[in-house]
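> Fold the following.
(one chain, ligands or ions: 1)
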Amino acid sequence: MIDETLINNAKSLADLEDLIAKCERCLLYKTKTKDVPGIGNEHAEVMFIGEAPGKDEDLQGEPFVGAAGKFLTEMIEDLGWKRSDVYIANVLKHRPPNNRDPEPSEADACWPYLKRQIEIISPKLIVFLGRHSMARFFPTLQISKVHGQAFRKEFLGKSQVFLALYHPAAALYNGGMRDTLKNDFQKIPKILDKIDEITASKPSEKATTPTNTEQIKQEKLF
Ligand code: URA
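Next comes the predicted model:
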């Protein structure tokens, strides 16, 4: 059994990938084709987090490679970046059969992997793709109210900036939501600049000593 201590002791994303490949913490390993741990730059400034792999992702072993993924890639490239400049992951590392919603127990089983990925990458900005991934972190927030507005909270022992966006799959065929998502997406570089400015002027906003990792102490609009 892969327990949380083993996951917390992973030193690199490659270590985590090895654990995910052997994972039986929930039953999704029985129906998966490939593992979908996440992809991108271990030192990325921006980490995108979606909900769960779909059919294409399960077949290719890479997050966001289907229609929603193409749209996400297009928006990343519109910023002048490549997919390999950022890190892309999901709350779940294995596909729920027939794209059903993840069970809470499956998301709980996968949660230590995501937390460790975040600790290793230590992104400046975490971007939620859709309300399900945001709800895993902040169950009381409503995406219709907070989308496109960066906010800062204490998470995993550091002052972390988050941004919630509508899910590319939801926005793909909804003109209004598509425009909103594209508009929100364009704010990312400015948010990164702002984080740099604040970090330079307030050293206390930098990462601090780890505290209880489950604790989210501070809610401050950014
Ligand atoms: N939707 C997600 O949330 N994740 C993927 O990887 C693909 C589609």
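
> got a list of what the residue in the chain that the ligand sits nearest to touches?
Of the chain, the residue with the smallest distance to the ligand, taken as C-beta to the nearest ligand atom, is G50 at 2.9 Å. To be clear about C-beta, it is placed using only N, CA and C from the backbone, and glycine gets the same treatment. Contact criterion C-beta atoms under 8 Å, 6 or more residues apart in numbering gives P63, F64, I88, A89, N90, V91, L129, G130, S133, H167 as the residues in contact with G50.

> Quick one: name whatever helix or strand follows the longest strand along the chain.
The single longest strand within the chain, with elements called by DSSP state E, is strand 158-165. Elements were assigned by DSSP states H and E; along the chain past strand 158-165, the next helix or strand is helix 168-172.

> element containing the residue nearest the centre of the chain, please.
Using C-alpha atoms, centre = their mean, the residue of the chain that lies closest to the mean C-alpha position is I49, 2.0 Å off. Secondary-structure assignment from DSSP H and E places I49 in strand 46-50.

> ok, now which ones touch L141?
For L141, the contacting residues are M134, A135, A164, taking C-beta under 8 Å, 6+ apart as the criterion.

> what's the closest non-adjacent residue to the first one?
Take M134 and drop its neighbours on the chain: the residue closest to it by C-beta to C-beta, 6 or more residues apart in numbering is F128, 4.0 Å away.

> Show me what the one helix or strand that neighbour maps to is packed against.
Assigned by DSSP H and E, F128 belongs to strand 125-129. In terms of contacts (3 or more C-beta pairs under 8 Å, 6 or more residues apart in numbering; DSSP states H and E), strand 125-129 is packed against strand 46-50, strand 158-165, helix 188-201.

> what do you get if the cut-off is 6 Å, keeping everything else the same?
For strand 125-129, the helices and strands in contact under the criterion 3 or more C-beta pairs under 6 Å, 6 or more residues apart in numbering; DSSP states H and E are strand 46-50, strand 158-165.

> now these as CSV including mean pLDDT?
As requested, the helices and strands packed on strand 125-129 are exported to CSV (pLDDT from 0 to 100):
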stretch, mean pLDDT
strand 46-50, 98
strand 158-165, 97
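
> most neighbours per residue, which of those strands?
Comparing the helices and strands packed on strand 125-129 by mean neighbour count (mean count of other C-beta atoms under 10 Å), strand 46-50 comes out on top with a mean of 26.

> State the paired neighbours of that one in the sheet, together with their directions.
strand 87-90 (parallel), strand 125-129 (parallel) (DSSP bridges).

> which parts of the helix or strand just after the first one are buried?
Following strand 87-90 in sequence order, the next helix or strand is helix 104-121 (DSSP H and E). Buried residues in helix 104-121, defined by neighbour count with 16 or more other C-beta atoms under 10 Å: 106-107, 109-118, 120-121.

> Residues contacting helix 104-121, please?
Outside helix 104-121, the residues that touch it by C-beta atoms under 6 Å, 6 or more residues apart in numbering are 4, 7, 10, 13, 16, 25-26, 44, 47, 87, 89, 91-93, 136, 156.

> got the angle for that helix vs strand 158-165?
When axes from the mean of the first three to the mean of the last three C-alpha atoms, to 10 degrees is applied, the directions of helix 104-121 and strand 158-165 differ by 120 degrees.

> Return the distance of helix 104-121 from the chain's centre.
For helix 104-121, the distance between its averaged C-alpha position and the chain's averaged C-alpha position is 10 Å (C-alpha atoms, centre = their mean, to the nearest Å).
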